[in-house]
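1. I would like the atomic coordinates for the input below:
(2 chains)
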Amino acid sequence: MKITEQITDNITIINLDGRLDAHTCESVEAFFREKMENGQYKFVMNMENVEFIDSAGLRVVLVVARDLRNKHKGDLHFALLQPAVSRVFEISGLNNVLYIYNNSENAVQGFSS
Amino acid sequence: MQIKFWGARGSIATPLTNTELTAKIQAAVKRSINVELSTDKKVSEFVKNLPVHIRQTVGGETACIEIRTDRCLLILDAGTGIRRLGMDLLDRFAGQPIDAHILMTHTHWDHISGIPFFVPGMNPDNHFTFYSPFDDLKERLKLQQRYEYFPAPLPATYKFVRLKEQKTLKIGDLSIQTLPLNHPSGSYSYRIDSNDTSVVYATDSEYQNLSVESMKPFIDFFQNAELLIFDAQYTMLENIEKENWGHSNVFTGIDMALKAGVKKLAFIHHEPAYDDEKLWDILQKAREYLKINKPESKLELDLAVEGLTITL
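-> Predicted structure coming up:
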């Protein structure tokens, strides 16, 4: 899993490239935990290059989003879900509790609305 | 090896309500309008083709599974489902002594509350041996039948064997191993191997760290099981909301089964708040998840339903 980031208007955009699964969930969560320790609480996860997510990946995004909301008044928004990942979000009910946008710009703007 | 589910509900017995029964009848009658049903055969065919959540129920009895081989009778857990199993055993054995081995995952109510109503246990000619890694299982079960709670004590003829983790227990033609699970006050999984097949019963367990390394002990234990019976009480979201409540979900079950090379996966410990329609919808979603993430997989998914028999 390749992770890169950029900060726009105090919002950190995380670009993931690879599978979000049992092999990568720990490194993705550790990445977020480190950012949270540094005071970053608003994130957009760009999922354009994530074509696979399993239960380990679903759990990590839910736990991170929960902690950002409950402990830091922050959030984790999603952009550019690929069709398979989008359907897994729907099946598992994540689309009911997470904010999902069709591009990163809208996901960033979502924090001001 | 034959596996029969006598109880599959989690937490508390959940009988079908009159409202739910009426809704099933109404849904069936609605579908029958303009259908020609003039013979018994046509009626049977019509019923057979109704959606499964209308023509069946998952059932409300709590955990109890019977495993039969040519030489052994095993019972997994003694929730309310064991009462009906007891009546069935009396019929089947027709006065001949019954010898059964009862493996207990833990002693939460939904796994023990059928014991006082297990009629064959009251006959001293029958032999029942309870197994678990808990060193005080007998005391726990005796407590359940103190006079304040039940008029008859735990039968003195019951035998108790404490299992040691990482040691294999041999009963007849079966080898049995146990593994601790993550559940409030503890629960244990059982792996039962015969010469030609294997079943793993892993109920009442939560998996919080789903990384490859953390899951390895469970994947190793489940390895190549013909059937994995897996706790899927919660949805994915509930698993986060109810952290440390000690249960899991269908998606985690599928991923673990795939990694372990399991052939059949049966979801159990159904949430008492969920009706039949919801539970079969969860199964449909589980099947779609498998199709999306591993389209070439031959893993079979099913709900553990009261009365379901699986032959391995």
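
2. residue contacts, residue 79?
-> Reading this off chain A. By C-beta atoms under 8 Å, 6 or more residues apart in numbering or on different chains, the contact set of A:Ala79 is A:44-48, A:100-104, A:106-107. For glycine as for every other residue, the C-beta is placed from the backbone atoms N, C-alpha and C.

3. meant chain B, my bad for not saying
-> B:7, B:9, B:13, B:61-64, B:110-114.

4. could these be laid out in JSON lines, adding secondary structure and distance to chain A?
-> Output for these, formatted as JSON lines (DSSP: H, G, I helix; E, B strand; the rest coil; distance: C-beta to the nearest C-beta, whole Å):
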{"residue": "B:Gly7", "secondary structure": "strand", "distance to chain A": "26"}
{"residue": "B:Arg9", "secondary structure": "strand", "distance to chain A": "22"}
{"residue": "B:Ala13", "secondary structure": "coil", "distance to chain A": "27"}
{"residue": "B:Glu61", "secondary structure": "coil", "distance to chain A": "28"}
{"residue": "B:Thr62", "secondary structure": "strand", "distance to chain A": "26"}
{"residue": "B:Ala63", "secondary structure": "coil", "distance to chain A": "23"}
{"residue": "B:Cys64", "secondary structure": "strand", "distance to chain A": "28"}
{"residue": "B:Asp110", "secondary structure": "helix", "distance to chain A": "25"}
{"residue": "B:His111", "secondary structure": "helix", "distance to chain A": "25"}
{"residue": "B:Ile112", "secondary structure": "helix", "distance to chain A": "30"}
{"residue": "B:Ser113", "secondary structure": "coil", "distance to chain A": "31"}
{"residue": "B:Gly114", "secondary structure": "coil", "distance to chain A": "32"}
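
5. Pick out the most distant pair among those residues.
-> Farthest pair in the contacts of B:Gly79 (C-beta to C-beta) is B:Arg9 and B:Ile112. Separation: 14.3 Å.

6. Show me which of these two is the more surrounded one.
-> Between B:Arg9 and B:Ile112, B:Arg9 has the larger neighbour count (other C-beta atoms under 10 Å in any protein chain shown), namely 28 against 24.

7. Could I get the contacting residues of that one?
-> B:58-63, B:79, B:110, B:269-270, B:272.

8. Tell me the buried residues within those.
-> Listed as buried from the contacts of B:Arg9 are B:58-63, B:79, B:110, B:269-270; burial here means 16 or more other C-beta atoms under 10 Å in any protein chain shown.

9. Kindly report the residues of chain A close to chain B.
-> A:22-23, A:25-26, A:52, A:54-56, A:58-59, A:62-63, A:66, A:84, A:87-88, A:91-94, A:96-97 (C-beta under 8 Å from any C-beta of the partner chain).

10. from these, which ones fall inside strands?
-> With strands taken from DSSP state E, there is no overlap with the residues of chain A next to chain B.

11. Provide a PyMOL selection command restricted to the buried entries of those residues.
-> To isolate the buried ones among the residues of chain A next to chain B in PyMOL, judged by 16+ other C-beta under 10 Å, type:
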select buried, chain A and resi 22+23+25+26+52+54+55+56+58+59+62+63+66+87+88+91+92+93+94
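
12. where's A:Ile11 relative to A:Phe111, distance?
-> Noted for A:Ile11: a distance of 6 Å to A:Phe111, by C-beta to C-beta, to the nearest Å.
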